[in-house]
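Q: below: sequence and its predicted model.
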Amino acid sequence: MNIHKKINKNFIEYIIGVGILLFLFVFFITCTQIGYDVKKRCELAQNRYGGECVNALMNQVTDDSSQYGKNDAIWALGQLGDKKALLFLEQYDTREKLPDRAKWDEGISQYELGKAIKLLKSGFNVSAFVWRD
């Protein structure tokens, strides 16, 4: 009887250990992908507008010649966590309660803007330690 309890206990510990390792693997892959996407969006904005990443992304949001990429820039600003982007993004917040997803490239999505502002205000981004310089 004791041997069965020991086998069951070892099996449960093994399953828990594998589950933890699988979670960490997926977490780090996801964080790495987020970091890659942020850097890619920074590079695209810098190629078009010049300057440092945050300023280039803010210029992308203010560029009235194109609606394309504004929400991507807002998302990246939220991920970067630079506080100077907070005041900038707040000026676009209409405080309008909208459905979760608006059309991505038909202007600024209040939903995405709200998520970015919330992330900037909290100052806590669980994935950032993996990819931020």
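A: Looks like it arrived, so ask away.

Q: for the closest residue to Gly69 other than its chain neighbours, give me its contacts.
A: Leaving aside its chain neighbours, Gly69 sits nearest to Gln60 (5.6 Å; criterion: C-beta to C-beta, 6 or more residues apart in numbering). (C-beta placed from N, C-alpha, C; glycine too.) Taking C-beta atoms under 8 Å, 6 or more residues apart in numbering, we find Gln60 in contact with Ala45, Arg48, Tyr49, Gly69, Lys70, Ala73.

Q: pLDDT score for the residue most central in space within the chain?
A: The chain has Gln79 as the residue nearest its centroid, 4.4 Å off, counting by C-alpha atoms, centre = their mean. Looking at Gln79, its pLDDT stands at 92.

Q: that one and Ala85, how far apart?
A: Counting by C-beta to C-beta, to the nearest Å, the gap between Gln79 and Ala85 amounts to 10 Å.

Q: and if you look at Gly69?
A: Gly69 is 16 Å from Ala85, where distance means C-beta to C-beta.

Q: neighbour-wise, which of these two wins?
A: For Gly69 and Ala85, the more surrounded residue by other C-beta atoms under 10 Å is Ala85, and the numbers stand at 23 against 19.

Q: wait, isn't the more buried one in contact with Ile117?
A: No - counting by C-beta atoms under 8 Å, Ala85 sits too far from Ile117 to count as a contact (9.2 Å).
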